[in-house]
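Participant: predicted model and sequence below, questions to follow.
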Amino acid sequence: LDDVEAMLERNIGDPGLEAQLRTVRGMLMEADSIEQIKRQTKDGVSLDEGQVVRNLCQSQVDRPIDEYWPRVIISYATGTRHGLDGEGCGLGMQYCQLVVRQLERVGIQCFSGLHV
């Protein structure tokens, strides 16, 4: 993933290659997320990990939030497990993130509580 990010940062100048690299980056991030969720099933979702998910979702909002009205709204339960997950964090937010990424991959904007 780091190598793909480094290649994208170099501004290759080849739109086709850049698009392919973005696709590979998305797939690697998704694979990493699935492994992370497997671990978090036992170890919990920390506050920092939860913030990473929120940051990802918030980065998709391409205009002021009061002007952002996508056609797809995702409702989810955070699923905080007391004594295991950080406050306001849980596996539900991680599963929601996977749906958000899949929709983004096919060009569908969406909104959830993670986007604010």
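Facilitator: Yes, it's here.

Participant: from Leu114, how far out is Asp48?
Facilitator: Plainly put, Asp48 is 15 Å away from Leu114 if you go by CB to CB, to the nearest Å. All C-beta atoms are positioned from the backbone trio N, CA, C, and that covers glycine.

Participant: got the contact list for the lowest-mean-pLDDT helix or strand in the chain?
Facilitator: The helix or strand of the chain with the poorest confidence is helix 2-9; it has a mean of 78 (mean pLDDT, DSSP states H and E). Contact with helix 2-9 is made by 18, 21-22, 24-25, 28, as judged by CB atoms under 8 Å, 6 or more residues apart in numbering.

Participant: export those residues to a markdown table and tack on distance to Arg105?
Facilitator: As requested, these are exported to a markdown table (distance: CB to CB, whole Å):
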| residue | distance to Arg105 |
| --- | --- |
| Glu18 | 15 |
| Leu21 | 14 |
| Arg22 | 9 |
| Val24 | 12 |
| Arg25 | 11 |
| Leu28 | 13 |
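
Participant: now the strands for this structure?
Facilitator: 72-73, 110-111 (DSSP state E).

Participant: what lines up beside the last one in the sheet?
Facilitator: It stands for strand 110-111. Its sheet considered, strand 110-111 pairs with strand 72-73 (parallel) by DSSP bridges.
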